[in-house]
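> I need the structure of the sequence given here:
(2 chains)
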Amino acid sequence: MLHFTRWKMIAILTVVVVGLLAALPNLFSKETVESWPSWVPKRQMVLGLDLQGGAYLLYEVDKQDYVQKRLRSLVGDIRKAMLEEPRIGYSGLGVQGQGVQLRIRDLSQLDEVKKRLEPLRNQLATSALGGTAVNEFDLTVGNDGLVQMAYSQAGLDQRIRQIVDQSIEVIGRRIDQLGTVEPSIQRQGADRILVEAPGLDDPERLKTLVGQTAQLTFHLVDTGVSPTADTRKPGTIVLNSTDNPPVAYVLEEAPLLTGEDLTDASATFDSRTNEPVVSFRLSSAGARVFGEVTQKNVNRPFAIVLDDKVISAPVIREPILGGSGQISGNFSIQSANDLAILLRAGSLPAKLTIVEERNIGPGLGADSIRSGKIAAIIGTVAVCAFMVMTYGVLGWIANIAVIVNVILIFSIVTILGATLSLPGIAGVIITVGTAVDSNVLIYERIREEFRSGRSAIASIDAGFHKALGTILDANVTTLIAALVLFYMGSGPIRGFAVTHAIGVATTMFTAFTFTRLLVAMWVRWRRPTTISL
Amino acid sequence: MAHLRIVPDNTKIPFMRMRKWTFPLAAFLSVMSVILFFTVGPNYGIDFLGGTVIEIQTKEAKPDLGKLRSTLNDLGLGDVQVQTIGSDNTILIRMGQQAGGEEAQQAAIGKIRAALVDQAEFRRTEIVGPRVSGELASRGALALLATFAAIAVYVWFRFEWQFAVGSIISAANVVVMTFGFYVVTQHEFNLTSLAAILTTIGYSLNDTVVVYDRIRETLRKYKKIPLGDLIDRAINDMLGRTVITTVTTLIALFSLYLFGGEVIQAFTLAMIFGVLAAIFSSVCVAAPILIYFGLRQDQMTKKEDVEAAGKA
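Model prediction:
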């Protein structure tokens, strides 16, 4: 057990030295590390938000809201399809649960109905691995004339998946424009998006930029009826303004233009009032539509609606033919700027709600790290002193091994780019416990062998031999536990499992090679004839 | 130089005769923990209950807590708890789940922010919605069960089925007692507490397997001695190691407890308890279970023969 070939020795020491080098950048500030020559490892550990501060926002697609809106627009599409020539008579068209239903009057037209509604089932592209294409809606045409189009589970799941993908893209574009922070945006489960922004001070701005749907639409205002009257025409809706108290407007439901027709938006100042406004430019198709509509509706107001709230309702004084315009609505400079960013980046395909939010100020994170460091130093010194008191020279060897072990954990965390969080530190602490244990197991075993009458060298050899079996079993058991926790757990459980699993691996490495090598070198140097443990 | 020995050599503590007392004690503590868990219940934090926690540091060095409390309770957000943590001007504000789903939580925090933004720095805000909080609990529990199952299979494979049962019951006993610790102390139970419990499971498994390994070795060496005496011998032989390892781990944990700062304190206290529970459990639960589940010495011999044949 105490014999090492030259190559083995070199291999073990190389691993230790590489580990030390990889962990080294963590001792210096980011600026210092940047200034090092290019051949030095520079990678630093990624600290979790609980340690360095920042914002953690977990969003969920508001399924209910999305389904309701989608079904309402489906009602419009079905109405349009039925009104095509030759017209198909129907009654009772409306949203029913997770779908839309209507009743066809003339049963002989059912085949035609099927043909017209088939395209509305909206075939969704599935992932390359998924195989068969999925339709968003199931179509059932009953022989009694009852027609239903409802969400299939597969269709809804697929649609939500697409919404999450699109949202991640939109959020990414919005945050890019902010420029300063480098957040990570990830899908989480089926219908969630996790936005993490380390080091961010003020999460409120990030929240306005990420969470707003920013669905912009232009509608003509129906000034003919009062918003509270029952005599509203079909196809109109009532929306409130952002004023305080809110003013209600009756609007034509079908928008003239949407945010998609915009090609650019920027925050500027109104030349007359000097108020911050958002000016926009329309695509050529959008400009044509807007020109026609404004030509026909001079002296009528139209409403600019953002996320179902009327932000302003100017009166059309003259036809707007140039394809550009501006939105005024009591903006501050920042809110005008934010709206411009939102309009440029596009709207979210569905409403997102925050289901979990954690903001850690940078001050708190720094405090945790500082007191953690002090405690770690005191703990290390105390443990080392105890080991030396108990085992003398071999105690020193154990201390070197445990410290190398901890450094190796940090270097592997650094190399893998894993995140170190507070539970992760707990994982390191348990490793220190088991790493000390592996040394104690070896030494106690050596002691036992020596007391049973073996020579010093033979006892050391046998001690390692027997203790390593125990260490292997104990560590493989905990390694299994750590791996299962890693795959099953999330968030903090994972953070713990990562460092714990790495720690078990490094503990086995140091016990089987490094500690053994150090003891072997000591034996060769001192040639002990007795063992004082 | 004479070295420190905490445990004298050749101890002969009759652990297995003491099992008449210690095993029922462990069972009693576990059952009490379960009963307390379901009657009194732990002091769940927002991670599992949902709700909001805000930590602020006021600009004033000694703010008027009463005034702050009444300001916040006048916002109409239900019961808002206000307490200092650490220093006089570091204040923790907690409130329960607001009725009205995810958006209501956001609105509530907006009100608090508006009320305090001039007089304090917001150090931490955590909002956990009703849907997420339930999931965190169930996923945590599921991960725990899967871990136990995987461990049981491995230990069964490496040892005997009695050892598998013993290591799981012993680890479960540690988990249950640590839960009991949280109920009795009413320390907040949150995701960090879950990490503490996971750590004690890791420690417990390590300790149990080390003890089992020694028991297995002793069983193979002395085939004629009764099982109880064999186990006693194994545990006594290991006593030096068990105590030294425990002392070093406790030294590390106590320094974290004393100097590690506010956030870590409750967490390390639970781990200190968990380490002690793990040691107790390995000796007083895991070991006697081998007797209770009728481990026979010839079982070990057979396995040894198979292993030897495999190597040949």
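> Whichever residue of the stretch 201-312 of chain B sits closest to chain A: neighbour count?
Distances between the stretch 201-312 of chain B and chain A by C-beta to the nearest C-beta are smallest at B:Gly261, namely 3.1 Å. Just so you know, the C-beta spots here come from the backbone N, C-alpha and C atoms, and that holds for glycine as well. Burial of B:Gly261 is recorded as 17 neighbouring residues (other C-beta atoms under 10 Å in any protein chain shown).
> How about it, nearest residue that isn't a chain neighbour?
With C-beta to C-beta, 6 or more residues apart in numbering or on different chains as the criterion, B:Gly261 has its nearest non-adjacent residue at 3.1 Å, and that residue is A:Ser371.
> So what's the residue count around residue 162?
As the question left the chain open, I've gone with chain A. 16.
> oops, I was thinking of chain B
Using other C-beta under 10 Å, B:Gln162 is surrounded by 20 other residues.
> Repeat that for A:Ala366.
By other C-beta under 10 Å, 13 other residues sit near A:Ala366.
> is it true that the residue of the stretch 201-312 of chain B closest to chain A touches A:Ala375?
Yes - at 7.4 Å, B:Gly261 and A:Ala375 qualify as touching, with contact defined as C-beta atoms under 8 Å.
> before we move on, which element is the closest residue to chain B within chain A in?
Closest residue of chain A to chain B, C-beta to the nearest C-beta: A:Ser371 (3.1 Å). Remark: A:Ser371 resides in helix A:362-391, with elements defined by DSSP states H and E.
> who are the neighbours in contact with the residue nearest to A:Gly433 when sequence neighbours are not counted?
Sequence neighbours aside, B:Thr249 is the residue nearest to A:Gly433 in space, at 4.1 Å (criterion: C-beta to C-beta, 6+ apart). Residues counted as contacts of B:Thr249 (C-beta atoms under 8 Å, 6 or more residues apart in numbering or on different chains) are A:Val432, A:Gly433, A:Val436, A:Asp437, B:Tyr203, B:Val275.
> Give the buried residues for whichever strand or helix holds B:Thr249.
Element membership of B:Thr249, judged by DSSP H and E, is helix B:227-259. By 16 or more other C-beta atoms under 10 Å in any protein chain shown, the buried positions in helix B:227-259 come out as B:227-228, B:230-242, B:244-257, B:259.
> what domains does the record give for chain A?
Domain segmentation of chain A under automatic domain parsing yields A:6-53+A:363-526, A:63-159, A:212-357.
> Can you give me the end-to-end span of the first one?
I take that to be domain A:6-53+A:363-526. With C-alpha to C-alpha, to the nearest Å as the measure, the ends of domain A:6-53+A:363-526 fall 20 Å from one another.
> do the same with the last one
The separation between the terminal residues of domain A:212-357, taken as C-alpha to C-alpha, is 16 Å.
> So which residue is smack in the middle of the chain?
Assuming you mean chain A. A:Leu194 (2.5 Å; C-alpha atoms, centre = their mean).
> That was the other one, I meant chain B.
Residue closest to the average C-alpha location in chain B (C-alpha atoms, centre = their mean): B:Ile197, at 2.8 Å.
> so what's that one closest to, chain neighbours aside?
Using C-beta to C-beta, 6+ apart, the closest residue to B:Ile197 is B:Thr178 (5.3 Å).
> so what does the host helix or strand of the one you found touch, helix or strand wise?
Using DSSP H and E, B:Thr178 sits within helix B:161-185. Where contact means 3 or more C-beta pairs under 8 Å, 6 or more residues apart in numbering or on different chains; DSSP states H and E, helix B:161-185 is packed against helix B:15-39, helix B:130-158, helix B:191-221, helix B:262-281, helix B:287-292.
> Tell me the gap between it and the middle of its chain.
In this view, helix B:161-185 has its centroid 9 Å away from the chain centroid, taken as C-alpha atoms, centre = their mean, to the nearest Å.
> Same check on stretch A:193-207?
Taking the mean of its C-alpha atoms, stretch A:193-207 sits 11 Å from the chain's own mean (C-alpha atoms, centre = their mean).
> Using PDB, write out the CA atom coordinates for it.
The C-alpha atoms that make up stretch A:193-207 are tabulated as PDB, following Å, rounded to 0.1, in the frame of the first residue of the first chain:
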ATOM      1  CA  ILE A 193     -39.500  31.000 -17.200                       C
ATOM      2  CA  LEU A 194     -36.800  31.800 -14.700                       C
ATOM      3  CA  VAL A 195     -35.000  35.100 -15.000                       C
ATOM      4  CA  GLU A 196     -31.900  35.500 -12.800                       C
ATOM      5  CA  ALA A 197     -30.000  38.700 -12.700                       C
ATOM      6  CA  PRO A 198     -27.000  38.500 -10.500                       C
ATOM      7  CA  GLY A 199     -25.700  41.700  -8.900                       C
ATOM      8  CA  LEU A 200     -28.800  43.700  -9.900                       C
ATOM      9  CA  ASP A 201     -29.600  46.500  -7.400                       C
ATOM     10  CA  ASP A 202     -33.100  47.600  -8.400                       C
ATOM     11  CA  PRO A 203     -35.400  44.700  -9.500                       C
ATOM     12  CA  GLU A 204     -38.400  47.000 -10.100                       C
ATOM     13  CA  ARG A 205     -37.200  48.200 -13.500                       C
ATOM     14  CA  LEU A 206     -36.300  44.700 -14.600                       C
ATOM     15  CA  LYS A 207     -39.800  43.600 -13.500                       C
END
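> buried residues in it?
Judged by neighbour count using 16+ other C-beta under 10 Å, the buried positions of stretch A:193-207 are A:Ile193, A:Leu194, A:Val195, A:Glu196, A:Ala197, A:Pro198, A:Gly199, A:Leu200, A:Asp201, A:Pro203, A:Leu206, A:Lys207.
> that older thread, ranking the helices and strands packed on helix B:161-185 by mean neighbour count, which comes first?
Relative to the other members of those, helix B:191-221 carries the highest mean neighbour count by mean count of other C-beta atoms under 10 Å in any protein chain shown, namely a mean of 25.
> how about low-confidence regions in the stretch 101-250 of chain A?
A:125-132, A:179-181, A:201 (pLDDT under 70).
> Now with 80, please.
Applying pLDDT under 80 to the stretch 101-250 of chain A flags the ranges A:122-134, A:177-183, A:199-204, A:224-235, A:244.
> which bits of it sit near chain B?
By C-beta under 8 Å from any C-beta of the partner chain, the part of the stretch 101-250 of chain A that sits against chain B consists of A:Pro203, A:Glu204.
> Can you give the distance of the least confident helix or strand in chain A by mean pLDDT from its chain's centre?
When the helices and strands of chain A are scored by mean pLDDT, DSSP states H and E, strand A:123-124 comes last with a mean of 76. The gap between where strand A:123-124 is centred and where its chain is centred comes out at 26 Å by C-alpha atoms, centre = their mean.
> what does the average pLDDT come to for the helix holding B:Thr249?
Mean pLDDT, taken over the full extent of helix B:227-259, equals 89.
> got the angle for that helix vs helix B:191-221?
What separates the directions of helix B:227-259 and helix B:191-221 is an angle of 150 degrees, with axes from the mean of the first three to the mean of the last three C-alpha atoms, to 10 degrees.
> Next step: the buried residues of stretch A:193-207 restricted to strands.
Within these, membership in strands is found for A:Ile193, A:Leu194, A:Val195, A:Glu196, A:Ala197, A:Pro198, as judged by DSSP state E.
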